[in-house]
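**Q** With the sequence up front, the predicted model follows.
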Amino acid sequence: NKRRTHENYGQALSTAGLLDEALKQFKTVLALPDDGSVPMRDVQREIGVVYFRLGLLDESIVAWKKGLEYAYMDAGLLNNISIALMKQKRFDEARSHAEMASRANPYMPEPVNTLGEIHMATGDYTKAAQYFMTFLQLRPEDSRGYWNAALAFERTGEYEKALRFANQFLAMEADPRYRQAATQLVNNLNIRMSGGKK
């Protein structure tokens, strides 16, 4: 009846995609007496992740906000809330939470990427590109940043920059699904840069 055991089991179930079973384990953690083995912030983080993966966005936000009650200004929780709000198209609230996350931990790349995605979704492609460039400074090994930067620069009409980042993404990404989309983008950019001639 140790909390840590149930949390570890819940994490394993969540990773395996057995979300309902994982949720039961995390709720068991909450029902057991606090033995000091699991910070409440972490339990609420895990519960929020399960709800998010189940598509229950409101419930995930509630769980992560409960986590913040135990860990004020936790950058990871704030960023998670921002992503859920963005999926609900609550862009102002999403931006506010991502900015708080970035201020709480300026060296954490995820909130910067989230801010870039929010600006992409709201049509401010120049600002989005700036955030993706900052993300790449913080995490240059993450191919996602190159892809996002390529998309942002394509939208701003800076095709040479977009091409450079798309090619960098292709050099790093092994997944054939993503490579197919990137190859198509590179081809489209080359056509645009040659004046529309194939």
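**A** That came through, no problem.

**Q** Packing partners of the helix ranked longest in the chain?
**A** Ranked by residue count, the top helix of the chain under DSSP state H comes out as helix 176-193. Contacting helix 176-193 under the criterion 3 or more C-beta pairs under 8 Å, 6 or more residues apart in numbering; DSSP states H and E are the following elements: helix 143-156, helix 159-172. Placement of C-beta: from N, CA and C, glycine included.

**Q** can you state the direction angle for the first one and helix 176-193?
**A** Put plainly, it is helix 143-156. Here helix 143-156 points in a direction 30 degrees away from that of helix 176-193 (axes from the mean of the first three to the mean of the last three C-alpha atoms, to 10 degrees).

**Q** Now do stretch 55-68: everything it contacts.
**A** With contacts defined as C-beta atoms under 8 Å, 6 or more residues apart in numbering, stretch 55-68 is touched by 40-45, 47-49, 51-52, 74, 77-78, 80-81, 84-85, 87-88.

**Q** Apply 6 Å and report the result again.
**A** Contact with stretch 55-68 is made by 41, 44-45, 47-48, 51-52, 77, 80-81, 84, 87-88, as judged by C-beta atoms under 6 Å, 6 or more residues apart in numbering.

**Q** Quick check: which ranges of the chain have low pLDDT?
**A** 196-198 (pLDDT under 70).

**Q** Could you rerun that using 80?
**A** 195-198 (pLDDT under 80).

**Q** All the helices of it, in order from the start?
**A** 3-15, 19-31, 40-53, 57-70, 75-87, 91-104, 109-121, 125-138, 143-156, 159-172, 176-193.

**Q** would a markdown table of those helices with mean neighbour count be doable?
**A** Shown next, in a markdown table, are the helices of the chain (neighbours: other C-beta atoms under 10 Å):
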| stretch | mean neighbour count |
| --- | --- |
| helix 3-15 | 17 |
| helix 19-31 | 17 |
| helix 40-53 | 21 |
| helix 57-70 | 19 |
| helix 75-87 | 23 |
| helix 91-104 | 19 |
| helix 109-121 | 23 |
| helix 125-138 | 20 |
| helix 143-156 | 22 |
| helix 159-172 | 19 |
| helix 176-193 | 14 |
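
**Q** before we move on, back to that, make CSV out of the helices and strands packed on helix 176-193 and add distance to residue 2.
**A** CSV is the format used below for the helices and strands packed on helix 176-193 (distance: least, C-beta to C-beta, whole Å):
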stretch, distance to residue 2
helix 143-156, 37
helix 159-172, 42
